[in-house]
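>>> Please find the sequence and the predicted model below.
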Amino acid sequence: MQVLVVADADAVARRACFEVIEGLTGGAHRANGPASEDLVLGLATGSSPLGLYRELALAQDAGRIDFSAAHGFALDEYVGLPAGHPQSYREVLLREVCGPLRLAPERLHVPDGSHTDEESLIVAAAAYERAITQAGGVDVQILGIGVNGHLGFNEPGSSLASRTRVKRLTARTRSDNARFFDSLDDVPTHCVTQGLGTVLDARRLVLVATGSTKAEAVSAALEGPLTASCPGSVLQWHPDAVAVLDEAAAVGLRNRPYYDDSAAGL
Ligand code: GLP
């Protein structure tokens, strides 16, 4: 696991962009260089990765990467929002990722939370797992982290081996996300989310976290025990995980001098 601490949110976006492109283009499985139609990017929602998406768009404009024929797989989706709801994660990713990155909308894959019965949601979750496999697996999974340590919508208590499935959202997550809705009552109670086992299958994980509200979750995820009580702790189990943090999010890390030495190549 690499822990990279940089000055502020802009620097996090730039460094995370570098780490994502390196993961997409530099892996041994791409020894002959990437073909754009082969790239599979795992997409997170929330505020944390927005600067990273802007940097990736700039990198594409500069000719460093080409997302026009890549596949994007979302981590999660709300259950029960009507198609086209502006806060559904499909709509958010169409706005924040497909537009700026020129990723073809038909290559954006999002778990289907539109079903109203549990059986159909289960079938759709299994289909989502198959779609990831058919695309060749996720090359780089972009991640944010919830203040309670959640990854995607894997709330504390989620199995470390879980696959895409329906989950109930915690009261904390619903109140954190109420800012995107007219009222707390409008925030869905359930979601479909990739499982922690699904996330761990990605070839590289790039976590971005900024601000003091994330400091406790970041410390628990990166330096606490590997535990379902902190889903973010699965980063410790992954062979190629990179956490890019600003100073405020990194404030609680005990091993900071070591991370800085490692980042400096010492
Ligand atoms: C959301 C998403 C997560 C995201 C997290 C943090 O609910 N499901 O994928 O990482 O919460 O969001 P933010 O980056 O806005 O703090």
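Nice, thanks for sending it over.
>>> So what touches the helix or strand hosting Ala124?
Per DSSP states H and E, Ala124 falls inside helix 118-134. Under the criterion Cβ atoms under 8 Å, 6 or more residues apart in numbering, residues 40, 73, 79, 109, 111-113, 115, 138, 163-166, 192, 194, 198, 201 lie in contact with helix 118-134. All C-beta spots, glycine's among them, are computed from the backbone N, C-alpha and C.
>>> mind checking how far that helix is from the chain centre?
Taking Cα atoms, centre = their mean, to the nearest Å, one finds helix 118-134 lying 19 Å from the centre of the chain it belongs to.
>>> Begin at 13 from now on, thanks
Done: numbering now begins at 13, and the last item shifts to helix 130-146.
>>> contacting residues around the following helix or strand past that helix?
The element immediately downstream of helix 130-146 (helix or strand, assigned by DSSP H and E) is strand 152-155. With Cβ under 8 Å, 6+ apart as the test, strand 152-155 has contacts from 28, 32, 35-36, 53-56, 61, 64, 87, 163-164, 211, 214-220.
>>> again, only this time at 6 Å
Strand 152-155 is contacted from outside by 32, 35-36, 53-54, 56, 61, 163, 211, 214, 216-219, using Cβ atoms under 6 Å, 6 or more residues apart in numbering.
>>> Also stretch 228-239?
Stretch 228-239 has contacts (Cβ under 6 Å, 6+ apart) with 157, 159, 161, 221, 242, 244-245, 248-249, 255, 261, 264-266.
>>> Any part of that stretch near the ligand?
No. Using Cβ under 6 Å from any ligand atom, we find that stretch 228-239 stays clear of the ligand, coming within 9.2 Å at best.
>>> Only the buried residues of that stretch, if you could.
Residues of stretch 228-239 classed as buried by neighbour count (16 or more other Cβ atoms under 10 Å): Glu228, Ala229, Val230, Ser231, Ala232, Ala233, Leu234, Gly236, Thr239.
>>> any idea how far the third one lies from the ligand?
To tie it back to what came earlier, the one meant is Val230. Distance, Val230 to the ligand, by Cβ to the nearest ligand atom, to the nearest Å: 12 Å.
>>> Next: Asp73.
Distance, Asp73 to the ligand, using Cβ to the nearest ligand atom: 24 Å.
>>> ok, how many other residues are close to that residue?
Asp73 is flanked by 11 other residues according to other Cβ atoms under 10 Å.
>>> who's in contact with it?
Counting by Cβ under 6 Å, 6+ apart, Asp73 has no contacts.
>>> So it versus Asp50, what's the distance?
21 Å (Cβ to Cβ, to the nearest Å).
>>> and if you look at Val17?
Applying Cβ to Cβ, the value for Val17 to Asp50 is 32 Å.
>>> out of those two, which sits in the more crowded spot?
It is Val17, of Val17 and Asp50, that has more neighbours when counted by other Cβ under 10 Å, with 20 against 16.
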